[in-house]
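Student: pasting the structure only:
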């Protein structure tokens, strides 16, 4: 299914869920790599370019998708335990996870022409999304 059609389909699925989701301020890319430890030991978030208003469960979906696509199982399990909720058990999970996966695939499109290393990783991600395969992805470098 072409990318634009996937976005249209997931937008429709998302709009159907929206009335049932608790909305609020999102980080938008909440994962362990966007946490900094100050010299005092306090941990603070960084990288706020994805901050928006949306379903609060989306920030939890970021870690869960990372667990599934990048093998960061322990990060997701620790977050779910600490937070008291495993987002993968919510009815909105299939939609939120698909949105996150599409973001992870489309966010680098402007870099593909000049970055063959990213293009190769992108092609693998895109192929797994199209086929529905639950294969691990590599991080962009």
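Tutor: Perfect, thanks for sending it. Keep in mind it's a predicted model, so treat the numbers as computed, not measured.
Student: Number of residues surrounding residue 39?
Tutor: Look at residue 39: counted by other Cβ atoms under 10 Å, it has 5 neighbours. For the C-beta atoms, the positions are set from N, CA and C on the backbone; glycine is no exception.
Student: Residue 98 now?
Tutor: Residues near residue 98, counting by other Cβ under 10 Å, number 19.
Student: List the buried residues of the helix or strand where it lies.
Tutor: Taking DSSP states H and E as the criterion, residue 98 maps to helix 93-106. Within helix 93-106, the residues that qualify as buried by neighbour count (16 or more other Cβ atoms under 10 Å) are 93, 95, 96, 97, 98, 99, 100, 101, 102, 104, 105.
Student: distance of the spatially closest residue to the second one that is not a sequence neighbour from residue 97?
Tutor: So that's residue 95. In space, residue 95 comes closest to residue 13 once its chain neighbours are excluded; the distance is 4.6 Å by Cβ to Cβ, 6 or more residues apart in numbering. Separation of residue 13 from residue 97 (Cβ to Cβ, to the nearest Å) stands at 11 Å.
Student: contacting residues around the residue located most distally from the centre of the chain?
Tutor: Most distant residue from the mean C-alpha position of the chain: residue 40, 29.7 Å away (Cα atoms, centre = their mean). Contacts here follow Cβ atoms under 8 Å, 6 or more residues apart in numbering; on that basis residue 40 touches nothing.
Student: wait, is it part of a strand?
Tutor: No: checked against DSSP: H, G, I helix; E, B strand; the rest coil, residue 40 lies outside a strand; its state is coil.
Student: please renumber so the chain begins at 29
Tutor: Shifting the count to begin at 29 puts that one at residue 68.
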